[in-house]
Structure formats: structure tokens, C-alpha cells
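Engineer: Got a predicted structure here, sequence first:
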Amino acid sequence: MAATKYQKYIISDYKPTQPKQNWSATYEENKEETHILYIGDDRLKGSFYGSAGWFWPAMMNRSPDAGASKPHSHPYDEVLALIGTNPDDPHDLCGEARMTIGGEEYVITKSCLLYLPANIPHGPFKQTKIDRPIFHFNFGKCGTHI
């Protein structure tokens with residue numbers, strides 16, 4: 001059967017073709033984080049980038065200086081999301097994260113979206129408590145997450 005005209009716009013897997021960026025800490029796939037979805041210009045020409053996945057309790061085993069990301073910035077706006085998985089209280093993050101933005105550290109305990117304007121230094125990002133899996137996604141106004 002021939003593909004439909006807009007079938008290419010439905011992305012249901014995680015297959016980036018770009019190498020992992022140097023600001024990203026190493027992790028153990030499906031133990032600390034499970035990548036679920038990815039879209040970017042390398043997958044769909046003209047698309048902005050976005051990815052989604054789960055954070056697991058093993059992520060807290062990283063040393064405090066490793067975090068999930070090293071301090072860095074991007075030449076584009078970025079949005080990060082941390083969403084708790086408590087169906088009785090969707091605003092409960094089900095854990096705690098620490099995020100440094102522009103040199104100021106923030107402790108996050110509620111489901112949230114973090115807007116990071118272009119060139120704002122951010123990181124390290126560190127999960128310090130995970131009681132239940134935390135859903136995470138990020139997207140940016142560019143074709144490739146750099």
C-alpha cells in the first residue's frame with residue numbers, strides 16, 4: 001500500500017541521526033532515562049526539534065557535578081518540561097529537580113514548563129528525588145538540538 005500524503009508527519013519513535021552533544025551527560029539507556037520520541041530537521045526536513053522520554057530513579061545516582069546536563073546555552077529559544085505521573089495530583093512532580101538558569105539555582109517540585117530564551121546559560125540540571133517516573137520533553141525553534 002502506498003504511503004499517504006501526510007503520513008511522514010506522524011513520528012512514533014526515537015531515531016535522531018545527530019550525535020549526542022558535548023553538553024549532555026552520559027546515561028544508561030532505559031535505566032536512568034528512556035527515550036521515547038524525537039523529531040528534528042534530520043528526521044523531517046523543515047521541522048523544529050523535540051524529544052520526549054521518562055526519567056527513572058537510577059538517574060539520581062549520578063554525581064552532583066555530572067547532572068543530566070552540563071552548563072551550556074543555545075542560539076535559539078528552548079522549552080523543557082518536567083511532568084509528574086501522579087494521576088491524583090498531576091501538578092505533583094513526584095520528585096525534585098535542581099536547575100541552574102543564568103547562574104541562579106531553582107528547586108522544582110511541581111510539574112512545569114521551563115522557557116529558556118536564546119543564549120541564556122542553563123545547567124547543570126540534576127534530578128535529586130524521583131518517587132515515580134517523571135515524563136520529560138524538550139523542544140526548540142531550530143531544526144537540530146545543538
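Structural biologist: Thanks, I have the structure now.

Engineer: hey, C-alpha coordinates of the helix or strand hosting residue 82 in CSV?
Structural biologist: Under DSSP states H and E, the secondary-structure element containing residue 82 is strand 78-83. What follows is strand 78-83, C-alpha atoms only, in CSV (Å, rounded to 0.1, in the frame of the first residue of the first chain):
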residue,chain,number,x,y,z
GLU,A,78,14.1,26.2,24.2
VAL,A,79,11.3,24.8,26.3
LEU,A,80,11.9,22.0,28.8
ALA,A,81,9.0,20.1,30.5
LEU,A,82,9.0,18.1,33.7
ILE,A,83,5.7,16.3,34.3
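
Engineer: Going by neighbour count, list what's buried in that strand.
Structural biologist: Judged by neighbour count (16 or more other Cβ atoms under 10 Å), strand 78-83 contains these buried residues: 78, 80, 82-83. For glycine as for every other residue, the C-beta is placed from the backbone atoms N, C-alpha and C.

Engineer: which residues touch whichever helix or strand comes after that strand?
Structural biologist: Sequence order places strand 92-101 as the next helix or strand after strand 78-83, per DSSP H and E. Strand 92-101 has contacts (Cβ atoms under 8 Å, 6 or more residues apart in numbering) with 55, 71, 82-86, 105-112, 114, 116, 120-134.

Engineer: how about the following helix or strand past strand 92-101: buried residues?
Structural biologist: Scanning forward in sequence from strand 92-101, with DSSP H and E defining helices and strands, the next element found is strand 104-110. Buried residues in strand 104-110, counting neighbours by 16+ other Cβ under 10 Å, are found at residue 108.
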